[in-house]
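A.B. asks: sequence-free structure coming up:
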């Protein structure tokens, strides 16, 4: 089964849009068709953004967080220090360090400015892609609706 690491932008997107690829990946995880991994750090970052810009979505966020779908992986201090050597934004280091530790098939992120580059992909040992590309990967692998 494919395992994806969701960064905060994808968690936010899954809450914000009920029809997008991020939400569809979440729905597939509910059906045990994919494994979703993230970190407490990513959850906190997504929640902070929702609280500040879309407080009416807090209940939706908390419901999603509490569904038990996400496997949590936390990076330790040394992992984060290693990640800092290849990422421009220090706030992204805990995310890519946790993604590496998760052994995911892909890091899913909408942060094309910082995350979508060869250095991050090489560091985590997996590609970085948008949610739509991950959904296409799942669909192309097998008929997920069987």
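C.D. replies: Looks like it came in fine. In this text, all values refer to a predicted model and were calculated from it rather than measured experimentally.
A.B. asks: what helix or strand is residue 37 on?
C.D. replies: strand 35-38 (DSSP states H and E).
A.B. asks: and the residue nearest to residue 122 when sequence neighbours are not counted, how many neighbours?
C.D. replies: Spatial nearest neighbour of residue 122, excluding adjacent residues (CB to CB, 6 or more residues apart in numbering): residue 86 at 7.9 Å. (Each C-beta comes from the backbone N, C-alpha and C, glycine too.) For residue 86, the count of nearby residues is 15 (other CB atoms under 10 Å).
A.B. asks: coming back round to it: next secondary structure after the strand holding residue 37?
C.D. replies: As assigned by DSSP H and E, the chain's next helix or strand after strand 35-38 is helix 40-53.
A.B. asks: so which residues make contact with that next one?
C.D. replies: Helix 40-53 has contacts (CB atoms under 8 Å, 6 or more residues apart in numbering) with 6-9, 11-12, 15-16, 57-58, 61, 65, 70, 72, 74-75, 91, 94-95, 98.
A.B. asks: show the subsequent helix or strand relative to that helix.
C.D. replies: helix 58-65.
A.B. asks: that following helix packs against which elements?
C.D. replies: Under the contact criterion of 3 or more CB pairs under 8 Å, 6 or more residues apart in numbering; DSSP states H and E, helix 58-65 touches helix 8-16, helix 40-53.
A.B. asks: three-state assignment of residue 115?
C.D. replies: coil (DSSP: H, G, I helix; E, B strand; the rest coil).
A.B. asks: need phi/psi at the closest residue to residue 141 other than its chain neighbours.
C.D. replies: Spatial nearest neighbour of residue 141, excluding adjacent residues (CB to CB, 6+ apart): residue 2 at 6.8 Å. Phi and psi for residue 2, reported as degrees, to the nearest 10, are phi -70, psi 140.
A.B. asks: give me the number of residues near residue 47?
C.D. replies: Residues near residue 47, counting by other CB under 10 Å, number 19.
A.B. asks: what about the residue nearest to residue 122, which SS state?
C.D. replies: Applying three-state DSSP: residue 86 is coil.
A.B. asks: please apply the same query to residue 135.
C.D. replies: Relying on three-state DSSP, one would call residue 135 helix.
A.B. asks: please report the distance of it from residue 103.
C.D. replies: 20 Å (CB to CB, to the nearest Å).
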